[in-house]
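S.K.: From the sequence below, what's the structure:
(2 chains)
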Amino acid sequence: MLEIQQLRTDLENVTSNLAKRGYIFPSNAFNTLEAERKTFQTRTQELQARRNKASKQIGYAKSKGEDATTILAEVAQLGDELKQAENKLETIQSNLQKILLEVPNLPHHSVPEGKSEEDNQEIRRWGEPRSFDFDVRDHVSIGEALGLLDFETAAKLSGARFSLMKGGLARLHRALTQFMLDIHTEEHGYIETYVPYLVNQDSLRGTGQLPKFGADLFAVSAGDKHGSENDNSPNFHLIPTAEVPITNMVRDEIVPLKSLPMKFVAHTPCFRSEAGSYGRDTRGLIRQHQFDKVELVHIVHPEQSYDALEQLVGHAETILQKLALPYRVLTLCTGDMGFSATKTYDIEVWLPAQKTYREISSCSNCEAFQARRMQARFRNEKDKPELLHTLNGSGLAVGRTLVAILENYQNADGSVSIPEILKPYMNGLDQLRITGGE
RNA sequence: GGAGAGAUGGCCGAGUGGUCGAAGGCGCUCCCCUGCUAAGGGAGUAUGGGGUUUAUAGCCUCAUCGAGGGUUCGAAUCCCUCUCUCUCCGCCA
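M.R.: Just a heads-up that it's a prediction; the model follows:
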């Protein structure tokens, strides 16, 4: 959420900055509502002040045993007028709020302007893509040939965009999450957390998924409620990312200055309905309704947030370096950034079968955008509450990392080597082989 | 799932219709006293809005005692709904 003050005083600038990311701010509607808001707020408050004063007089008179009928009659007439003004004001405020909640964050000045992913800016590459002396296969054929990856059964169990892993592959998946958690907690100073996978609407509003992106989520309600006639709105949503529960830990909190920066990591499954992406990545593990991710969240002093963003990307990169997977880092352009971000770095890992880099991590600074929605604050140097800055990034998407390993570590005989650093997590296993496929 | 108790400022806690945005204590800040420490004395100490203003100052004002609604001229206090916490029983990994 943007600061409403900023919209009042600097509307033109805000509008043009939002336009850079392809968002047309409804200035006319906003201005009209603002003007109305001002009149009705003033009127309401005047009436309230009169009522409060009169009521106090009544109380005073009664305590002295005096007669208060004159004042009573006077104040009784205020009632209707006040109620009307209050109702009108409430409607206006909620309409304003509706507009505000749907406005994306303003891009940072260092973000390149652009319309789509074509305009993202590559800022560095790491690692040499390996050259193969045989025909590379994609992770689906590799996994299926090994007998360890089974989309058919997954479809029977749940439908499209679900996966089933077995044996060494399932273990490799688990090994990856353990490995990532270990690095982030032991080398990067994150606090490991275990968080709810079902969250309430306040949390989703806090991080920006609601009200605008409800269609991308899975809603869950308890027991029989589903079929019953009173169609209550759902109690819970499945988390689309651990960013939601972790960041919302500080919702409605005022944390002490000395507790900053806060750095949390969590491994969770993520659930996304992937509405609106029907044609894309239908094959394989790339785009699933359920996938695992190790998520990093920073909650920091506003002056530190851009430093924190660089650290955050670095932490995600470390994982790929330790796995010896080639990647590149991009600054997303204004048109390709997510709703809550002022600046985002994407990390893309090399996938030899597609001969291209594919997104494996996204690291964003949200500045105070989420904090304002959440009322997440700290006590600043002057002991006054001030909004925090929040950042989040994948460190990394586990399924996509698994894809990258299968493809980059594949061998001519169909086996897949285990990256050196993961061997301790694999009980010494050094290859996934066809015979080893249980 | 059943029965009961509760939710008040940074914390503890008083307050059951009227000068209550809220006693008292603790904590914290500043000042005084003090050789140091301890003790003592004094003052201050919630948040979010709106209006006015060049203004982060000041002034005026509104809202907030778990959340939302209601009764009333007036609600922390009465009524309804919800959420959460605790205790006991049941069930459960």
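S.K.: any idea how far A:Val14 is from A:Thr32?
M.R.: Distance, A:Thr32 to A:Val14, by CB to CB, to the nearest Å: 17 Å. C-beta: built from backbone N, CA, C; applies to glycine.
S.K.: contact partners of stretch A:270-281?
M.R.: Contact with stretch A:270-281 is made by A:161, A:197, A:215-218, A:238-242, A:287, A:289-293, as judged by CB atoms under 8 Å, 6 or more residues apart in numbering.
S.K.: What about RNA strand B: which of those residues touch it?
M.R.: Residues of the contacts of stretch A:270-281 in contact with RNA strand B (CB under 7 Å from any atom of the strand): none.
S.K.: Inside helices: which ones of those?
M.R.: Among these, no member is found in helices (DSSP state H).
S.K.: Report how many residues lie close to A:Ser16.
M.R.: Each residue near A:Ser16 was counted by other CB atoms under 10 Å, and the total is 10.
S.K.: whoops, I mixed them up, A:Phe236
M.R.: Neighbour count for A:Phe236, taken as other CB under 10 Å: 18.
S.K.: Hmm, it is touching A:Leu198, no?
M.R.: Yes. If you go by CB atoms under 8 Å, A:Phe236 and A:Leu198 touch, sitting 3.9 Å apart.
S.K.: any common contacting residues for these two?
M.R.: A:Val220.
S.K.: ok so, going back, restricted to strands, list the contacts of stretch A:270-281.
M.R.: A:238, A:290-293 (DSSP state E).
S.K.: And the residues you listed, which is the shakiest by pLDDT?
M.R.: Confidence by pLDDT is poorest for A:Leu238 among these, given 93.
S.K.: of A:Thr32 and A:Val14, who's got more company?
M.R.: A:Val14 (19 against 13).
S.K.: where's A:Leu351 relative to A:Gln41, distance?
M.R.: For A:Leu351 relative to A:Gln41 (CB to CB), the value is 56 Å.
S.K.: more neighbours, those two?
M.R.: Per other CB under 10 Å, whichever of A:Leu351 and A:Gln41 has more neighbours is A:Leu351, with 24 against 15.
S.K.: any chance you could map the helices in the stretch 151-300 of chain A?
M.R.: Counting by DSSP state H, counting those that start in this stretch, the stretch 151-300 of chain A has helices at residues A:151-157, A:167-186, A:201-207, A:243-247.
S.K.: Any residue of stretch A:298-317 touching RNA strand B?
M.R.: No. Contact of stretch A:298-317 with RNA strand B is not found when judged by CB under 7 Å from any atom of the strand; the minimum separation is 14.0 Å.
S.K.: So which bits of that stretch are buried?
M.R.: Neighbour-count burial for stretch A:298-317, with 16 or more other CB atoms under 10 Å as criterion, is recorded at A:298-302, A:305-306, A:308-309, A:311-313, A:315-317.
S.K.: do stretch A:171-183 as well
M.R.: Buried, per 16+ other CB under 10 Å, within stretch A:171-183: A:171-177, A:179-181, A:183.
S.K.: among those, which two are most distant?
M.R.: Spatial extent of the buried residues of stretch A:171-183 (CB to CB) is set by the pair A:Arg171 and A:Ile183 at 18.5 Å.
S.K.: RNA strand B contacts on the stretch 151-300 of chain A?
M.R.: Residues of the stretch 151-300 of chain A lying near RNA strand B (CB under 7 Å from any atom of the strand): A:Ile254.
S.K.: Which single residue of the stretch 151-300 of chain A ends up nearest RNA strand B?
M.R.: The minimum distance from the stretch 151-300 of chain A to RNA strand B, using CB to the nearest atom of the strand, falls at A:Ile254 (6.6 Å).
S.K.: from what I can see that residue touches A:Lys384, true?
M.R.: No. Under the criterion of CB under 8 Å, A:Ile254 is not in contact with A:Lys384, lying 9.9 Å apart.
S.K.: ok, the two, which is more surrounded?
M.R.: Each of A:Ile254 and A:Lys384 has its neighbours counted (other CB under 10 Å); A:Ile254 has more, 14 against 10.
S.K.: need the contact list for the more buried one.
M.R.: Residues in contact with A:Ile254 (CB under 8 Å, 6+ apart) are A:377-379, A:385.
S.K.: quick check: longest helix of chain A.
M.R.: Longest helix in chain A, counting by DSSP H: helix A:27-63.
S.K.: Only the buried residues of that one, if you could.
M.R.: Under 16+ other CB under 10 Å, the buried positions of helix A:27-63 are A:30, A:33, A:36-37, A:40, A:43-44, A:47, A:54, A:57-58, A:61.
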